[in-house]
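A.B. asks: test case, fold it:
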Amino acid sequence: MKKNMKAALLSAFIFPGLGQIYKGCRVKGCIVILLANIILLVAFVFAVKGVYQLALSPGFSGTVDPANMMKRLLSETPAFHWLIAIFSCIWLYAVVDALLGNWKNRSS
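C.D. replies: Numbering: from 1, shown residues only. Reported below is the predicted structural model:
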C-alpha cells in the first residue's frame, strides 16, 4: 500500500492530523489535531447544554420520544450544526492533505 494512502487512512479513520504526522509534518499534524479536539469539545459542550435544557423544560415528561427530542435539540442548539460543519471541513482537509500533500522527509 502506498504511503500516501496509509497517511490518508490514518487521518480519515483514526483521527485528523495523524496522517500529517506520519508523513513527517509534525507541526501541521499537531495543529490539525489541536483544532479538531477543540471543535469536538466545544460541540460536545453545546450538545450537553442542549440536552440539559431540554430535560429541564416544563414540557419534558418521563417518556422519551427520540424524534421529537432530536428535533427540539437541533432547533435549540444551532451552534452545534456549525461546529460539526467546521469539524467536517478540518477532517476533509486532513484527508486530502495526507493523500495529496508532499512528504517532509523524502528519504523515509
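A.B. asks: do I have it right that Met5 meets Val95?
C.D. replies: No: judged on CB atoms under 8 Å, Met5 makes no contact with Val95 at a distance of 10.9 Å. All C-beta spots, glycine's among them, are computed from the backbone N, C-alpha and C.
A.B. asks: more neighbours: which of these two?
C.D. replies: Val95 (19 against 12; other CB atoms under 10 Å).
A.B. asks: now do the helices in this protein.
C.D. replies: 3-9, 18-22, 26-56, 66-76, 78-100 (DSSP state H).
A.B. asks: and the residue nearest to the spatial centre of the chain, how far is that from Phe46?
C.D. replies: What sits nearest the mean C-alpha location of the chain, by CA atoms, centre = their mean, is Phe87, with 4.0 Å. In this structure, Phe87 and Phe46 are 12 Å apart, going by CB to CB, to the nearest Å.
A.B. asks: now do Pro66
C.D. replies: To Phe46, Pro66 is 19 Å away according to CB to CB.
A.B. asks: least confident of the helices of the chain, on average?
C.D. replies: For the helices of the chain, the weakest mean pLDDT is recorded on helix 66-76, namely a mean of 72.
A.B. asks: and that helix, which residues are buried?
C.D. replies: Neighbour counts using 16 or more other CB atoms under 10 Å place Arg72 of helix 66-76 among the buried residues.
A.B. asks: packing partners for it?
C.D. replies: Contact partners of helix 66-76 among helices and strands, from 3 or more CB pairs under 8 Å, 6 or more residues apart in numbering; DSSP states H and E: helix 26-56.
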